[in-house]
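Colleague: structure of the sequence below:
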Amino acid sequence: MPETQITCALHEEHMATLALLERLESLLGRNAPAVPPNASAPIVAAVLRDFADAVSLEIATHFAFEERALFPLLDDEALTAMLAEEHRAMLPAAAHLADMARAALACGFDPALWRGFHAAAGDLAGALAAHVEKEEMALLPALDDALDAEADGRLAMDYAAEH
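Modeller: Just a heads-up that it's a prediction; the model follows:
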């Protein structure tokens with residue numbers, strides 16, 4: 001369980017991300033790649049909107065803060081390099097998927113858009129869930145060990161200011 005203010009904040013975001021991924025995967029599971037859902041149906045529209053918002057308002061900010069403010073505090077270069085590389089791989093994929101979600105919200109899913117969205121969402125959901133698990137198991141405990149109360153308080157305030 002996270003011990004510092006900043007790791008508690010990151011943990012809460014991780015749990016929110018996993019909950020959103022569950023909703024996204026549920027949408028994928030209810031609709032085969034060849035059968036587009038009605039993007040204007042309330043439950044579908046909510047998932048699409050929430051995912052697009054999360055990419056632009058939360059995930060990118062979360063990744064940037066980790067790389068800028070947290071990774072330099074750790075002595076584990078292998079861990080931070082791996083996580084940063086995953087960030088670089090996932091952000092463009094997430095942004096593209098968010099664009100597809102916005103297009104579906106505006107015009108609905110045609111068969112090609114849905115097939116592309118279905119495949120990309122499945123790939124991203126798996127990668128992002130695995131990434132969250134790595135951060136929960138390795139990054140957060142390392143930060144709990146590395147931070148004193150003063151640094152933790154400063155980082156928590158900086159993080160809150162960015163959200």
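Colleague: nearest residue to the middle of this structure?
Modeller: residue 59 (4.5 Å; CA atoms, centre = their mean).
Colleague: ok, now which ones touch that residue?
Modeller: Residue 59 sits next to 17, 90-91, 94, 128 when contact means CB atoms under 8 Å, 6 or more residues apart in numbering. Any C-beta I mention is one placed from the backbone N, CA and C, and that applies to glycine too.
Colleague: okay, and which of the residues you listed map to helices?
Modeller: 17, 90-91, 94, 128 (DSSP state H).
Colleague: columns pLDDT on top of these, output as TSV?
Modeller: Output for these, formatted as TSV (pLDDT from 0 to 100):
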residue	pLDDT
17	96
90	96
91	96
94	96
128	96
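Colleague: ok, so of those, who is nearest residue 160?
Modeller: Of all those, residue 160 sits closest to residue 17, with 17.5 Å by CB to CB.
Colleague: so the closest one makes contact with residue 132?
Modeller: Yes: shown here, residue 17 and residue 132 form a contact pair, counting by CB atoms under 8 Å, at 6.0 Å.
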